[in-house]
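> A predicted structure for the sequence below; I have some questions about it.
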Amino acid sequence: MSLSALLVVVVMVVAGQAVSQYFIHQPDGLLTVMAGDKVILPCKVENKAGPLQWTRDGFGLGTNRNLPGFPRLSMGGEDLRKDWDLVIDQVQVEDEAEYECQVGDIRSRSARLEVNVPSGPPVIRSDRQTVRVTEGVEAELECTSEGGKPAAKLVWGGDLVLTQHSYTADRVKGHKTFVSVSTVHLVPVRENDGAAVSCTASNNVSPPVSATVSLDVSYKPRVNIESSVRTEDVEEGDDLQFTCRVSAKPSDVKLAWTLEGVDVTPAEDEQFFKIKKVSKQEHQKLLSCRATNTVGAGDDSLVLSVNYGPHIVIHPQTVHARTGETVRMTCQADSHPPASYTWYRVGDNKVYSFTSSLTTTATNTSQGSYYCQGRTSQSSSERSNLAKLVILRRPVIASQQTQYGDLLSNVSVVCTSNPTSENTSISWHYKAELLARGYPTGLVVGRVHDVGDDKYAVVNTAKEYVIESTITINNTTVEDFGVYTCTLENDLGTDKKNILLVNGDLPGDLVILRLVLAVLGFLSCILVGFVAVKCYQNFKNSLSEEEQYLETERLETSDKTPAGAANARKRQKTESSENLSDECSGNAQNVQGSVLNTISKDFAAFYGNPHLSSHMESDEEDDDDDTGSVRIRLIDDQSHQPREFTAFYGNTRLSSQHKDDGGNLQNRFPDLNVRETATATRPKSVNFHPETTVFNLGDDVSEDPYAYDDIVMRIARDVDDDDEGIATLPETTV
């Protein structure tokens, strides 16, 4: 057979075979399964001719349906002539590959088998179900999940929110599965003790799986001091107890108490600390309790607060000011709670300020002594020391006018002022010669006085505005004893004082003289006291008599009948005459002292009417029975001229009814000068009581003869109408 014929036969055979054998079902695409599942890859051939096998990643598995060497793999189907499906029991990750079905010279489409594995259970690294951590110390928790495919995702949860963590997923060496690891860092606090922490693994091909642990947190002591009395209610003298409450893990702690840094831990039951009768010295002191365990130490502190009454710690100070200046005094009291203040001035109850300071203007009315007082809601303080507001005035020298020194020694003469301006010029003179001039700023060396340069030295000082100048005369001689003149001058005024410097080495007889003068002075004081007592007693007796008389007069005046009024007037004249008749007849000087001193110049004393006394005797020679007068001779101090007045009694028309010869009166009574312009009346002896009422001559005289019955000379003495009984009243000087 020729070669061409052989080729034709071969082509025909091949073509016939190709047409008769083909795939009815074949694998295709990606097939994803879970590990452990049963997988069937389809392969069904029509008109199969020749051997058939499956390949895995290009490696033939064999043509025998049982596939020896691969116990979980086989080829099967319902129609054993046509079905050649690849059956994989309990598929595993190792079965993951690309599979093809081959028969003769034809190949099926490839199919990719992908095997997923559920993630392994997560594990939180720990030797037990609890994780021991320490408060404040950073801890690391790690969660691991192995064998998953795809790699598992890890999520933290539980009682805590943990967001800061790391995550890695690596393939297991020599395997197609993964191991996932997540790490979280946290700083636990005591509140995390017993908290649950969970880790959940999930790869989206199997249900999530979680693992949980609890935190065992150790922490240092937390301390809280409790008081038996509320802080704001603690009063000085109270008994206090404090309790140290501790929260710690482990709970075995050691306690220690300190007060203002000093250890005061009780020997017994150190959880409690007591203070007996707390005082204000404990106020604001720091009390602390410290607890220590194996983890660390904790403490708590409180500041003691003690309520106590105010006590003045800063007293107001005396201030000196010029008139019109504003001054300020300050006062401070120590108390808790802080005190309120009131300011007072000695001598009145007015409140001058309600603050810790007093501001006022220096005047004559505001000067005085002030004090402050602090108060709290519970008590008030003793008042502060007195502080004076002193008005600075012109200098007034208050030094002793006589000062003493010894011969041949250094003698000092002191000149001291009242409070005045510190800017005061001070000068010393001796025998009209200026010795020194200066200001109160220290040592001032004065002029040389006929001796060495160091003869005089002056020291001027000012303390609380009191100026003091001391001049020292060194090595005194007899010529140095005499009058030194100290002069103080400032813008408020000037004062000068002569100070006699006396030699202190007195002779014996001079010492005796001084003693005698001292004794005489003492006796004089006793005598003056005795006289004062006697005068007081006499004055008291006279008041008693006057009160008795006024009471009698009041009772008689109450009798409104004419007879009663007449009896009262008659009794007044009679009693007056009887009481003082001896005085007039015994010593005329008594009249001067009791009457004339009460009569001033240009006044005449009038009294009564003709019926003043029942003892008055009528004078038959008189035209008007009950009239009379007596002249009183007064000397005017200014003109030194005698002035004469007439004291009248009787009715008001005595001048017209008693015509008398003035010359005869002058002859009969040479000591009585008759006024030319007045009609002379018959001189009568009249004695006046010290309470005589006087009227000005210019006053109108009533025409009523009884006008001055009880209001003019109601206590005038009786009138003796006998000319021979007339008494001449002594002269007095007005």
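Perfect, I can see it now.
> ok, residue 246 - contacts?
Taking CB atoms under 8 Å, 6 or more residues apart in numbering, we find residue 246 in contact with 221, 222, 223, 224, 253, 255, 291, 298. In this view, the C-beta of every residue, glycine as well, is placed from N, C-alpha and C.
> tell me which element the third one is part of?
In this structure, residue 223 is located in strand 209-227 according to DSSP states H and E.
> can you list the strands that whichever helix or strand comes after that strand pairs with?
Reading on from strand 209-227 to the C-terminus, the next helix or strand found by DSSP H and E is strand 240-249. In the sheet, strand 240-249 lines up against strand 209-227 (antiparallel), strand 272-275 (antiparallel) (DSSP bridges).
> so which of these is nearest residue 87?
strand 209-227 (30.9 Å; CB to CB).
> pLDDT of that closest one, averaged?
On average, the pLDDT along strand 209-227 is 92.
> thinking again about what came up before, distance to residue 406 for the strands paired with strand 240-249 - can I get that in CSV?
Shown next, in CSV, are the strands paired with strand 240-249 (distance: least, CB to CB, whole Å):
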stretch, distance to residue 406
strand 209-227, 74
strand 272-275, 67
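> and those: which comes nearest residue 358?
Of the strands paired with strand 240-249, nearest to residue 358 by CB to CB is strand 272-275, at 38.5 Å.
> okay, the strands paired with strand 240-249, which one's buried deepest?
Counting by mean count of other CB atoms under 10 Å, strand 209-227 has the highest mean neighbour count of the strands paired with strand 240-249, with a mean of 18.
> local confidence estimate at residue 157?
Predicted confidence (pLDDT) for residue 157: 89.
> so where does it fall, helix or strand?
Going by DSSP H and E, residue 157 is in strand 153-158.
> ditto for residue 199
strand 196-202.
> repeat that for residue 538.
Going by DSSP H and E, residue 538 is part of helix 508-557.
> residues in contact with residue 504?
Counting by CB under 8 Å, 6+ apart, the residues that residue 504 touches are 404, 405, 406.
> got it, and residue 490?
Neighbours of residue 490 in contact, by CB under 8 Å, 6+ apart: 394, 395, 420, 421, 423, 424, 425.
> the last one contacts residue 440, doesn't it?
No. Residue 425 is not in contact with residue 440 according to CB atoms under 8 Å; the separation is 9.6 Å.
> show me which of these two is the more surrounded one.
In this view residue 425 and residue 440 are compared by other CB atoms under 10 Å, and residue 440 has more residues nearby, 22 against 16.
> and the pLDDT at the more buried one?
At residue 440, pLDDT is 86.
> that one contacts residue 464, correct?
No. If you go by CB under 8 Å, residue 440 and residue 464 don't touch, sitting 11.7 Å apart.
> give me the low-pLDDT residue ranges for the stretch 101-250 of the chain?
127 (pLDDT under 70).
> also the chain?
In the chain, residues with pLDDT under 70: 1-19, 127, 441-453, 506-511, 545-546, 549, 551-734.
> buried ones in stretch 303-318?
For stretch 303-318, burial by neighbour count (16 or more other CB atoms under 10 Å) applies to 304, 305, 306, 307, 308, 309, 310, 312, 315, 316, 318.
> CSV for the residues you listed, including secondary structure and distance to residue 95?
Formatted as CSV, the buried residues of stretch 303-318 follow (DSSP: H, G, I helix; E, B strand; the rest coil; distance: CB to CB, whole Å):
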residue, secondary structure, distance to residue 95
304, coil, 83
305, coil, 83
306, coil, 88
307, strand, 90
308, strand, 94
309, strand, 98
310, strand, 99
312, strand, 103
315, coil, 107
316, coil, 108
318, coil, 114
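> would you reformat those as CSV and include distance to residue 273?
Formatted as CSV, these follow (distance: CB to CB, whole Å):
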residue, distance to residue 273
304, 11
305, 16
306, 16
307, 20
308, 21
309, 26
310, 29
312, 33
315, 38
316, 41
318, 48
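> pick the one among those residues closest to residue 357.
Looking across the buried residues of stretch 303-318 and measuring by CB to CB, the closest to residue 357 is residue 316, at 8.8 Å.
> for the closest one, which non-adjacent residue is closest in space?
Nearest non-adjacent residue to residue 316, counting by CB to CB, 6 or more residues apart in numbering: residue 387, 3.6 Å away.
> surely the one you found and residue 314 touch.
No. The criterion here is CB under 8 Å, and residue 387 misses it with residue 314 at 11.1 Å.
> between those two, which contacts overlap?
By CB under 8 Å, 6+ apart, no residue touches both residue 387 and residue 314.
> which stretches of this protein form helices?
Secondary structure of the chain (DSSP state H): helices at 3-20, 508-557, 562-586, 589-594, 654-657, 662-668.
> for the longest one, packing partners?
Counting contacts by 3 or more CB pairs under 8 Å, 6 or more residues apart in numbering; DSSP states H and E, helix 508-557 is packed against helix 562-586.
> what sits against the spatially closest residue to residue 307 that is not a sequence neighbour?
The shortest distance from residue 307 to any non-neighbouring residue, by CB to CB, 6+ apart, is to residue 235 (5.0 Å). Going by CB under 8 Å, 6+ apart, residue 235 touches 306, 307, 308, 378.
> so what's the first one up against?
Looking back up the chat, that one is residue 306. So residue 306 contacts 234, 235, 236, 278, 279, 280, 282, 283, 336 (CB under 8 Å, 6+ apart).
> which non-adjacent residue is nearest the third one?
Ranked by CB to CB, 6+ apart and with sequence neighbours excluded, the top spatial neighbour of residue 236 is residue 308, at 4.1 Å.
> bridging residues for the one you found?
residue 336.
> quick one: end-to-end distance for stretch 227-238.
Chord length of stretch 227-238, first to last residue, is 12 Å (CA to CA, to the nearest Å).
> for that stretch, buried residues please.
By neighbour count on 16+ other CB under 10 Å, the buried set for stretch 227-238 is 227, 234, 236, 238.
> give me the residues contacting the strand holding residue 157.
With CB under 8 Å, 6+ apart as the criterion, strand 153-158 contacts 122, 141, 143, 145, 162, 165, 167, 180-182, 184, 195-204, 210, 212.
> again, only this time at 7 Å
122, 143, 145, 162, 165, 167, 180, 182, 184, 195-203, 212 (CB atoms under 7 Å, 6 or more residues apart in numbering).
> what sits against residue 337?
With CB under 7 Å, 6+ apart, residue 337 has these contacts: 307, 376.
> do that again at 10 Å, thanks
Residues near residue 337 by CB atoms under 10 Å, 6 or more residues apart in numbering: 232, 305, 307, 308, 310, 376, 377, 378.
> and for residue 328?
Applying CB under 10 Å, 6+ apart, the residues near residue 328 are 316, 319, 321, 357, 358, 359, 360.
> widest-spaced pair of those?
321 and 357 (15.2 Å).
> settle it for me: which of the two has more neighbours?
residue 321 (21 against 14).
> grab the nearest non-local neighbour of that one.
residue 362 (3.8 Å).
> who's in contact with the one you found?
Counting by CB under 10 Å, 6+ apart, residue 362 has contacts 319-327, 389-392.
> against residue 518, how distant is it?
43 Å (CB to CB, to the nearest Å).
> ditto for residue 323
Distance, residue 323 to residue 518, using CB to CB: 42 Å.
> and these two? Which one has more around it.
residue 323 (14 against 10).
> measure the more buried one to residue 363 for me?
6 Å.
> what touches both of residue 425 and residue 440?
Joint contacts of residue 425 and residue 440 (CB under 10 Å, 6+ apart) are 460, 467, 488.
> could you dump the residues you listed to TSV with neighbour count and distance to residue 74?
Below are the shared contacts of residue 425 and residue 440 laid out as TSV (neighbours: other CB atoms under 10 Å; distance: CB to CB, whole Å):
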residue	neighbour count	distance to residue 74
460	22	138
467	25	137
488	27	143
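> for the residues you listed, which one is nearest residue 347?
For those, the nearest to residue 347 is residue 467 (28.6 Å; CB to CB).
> list the residues that contact the closest residue to that closest one other than its chain neighbours.
Sequence neighbours aside, residue 417 is the residue nearest to residue 467 in space, at 4.2 Å (criterion: CB to CB, 6+ apart). When contacts are counted by CB under 10 Å, 6+ apart, residue 417 touches 393-399, 424, 426, 440, 462, 465-469, 486, 488, 490, 495, 497.
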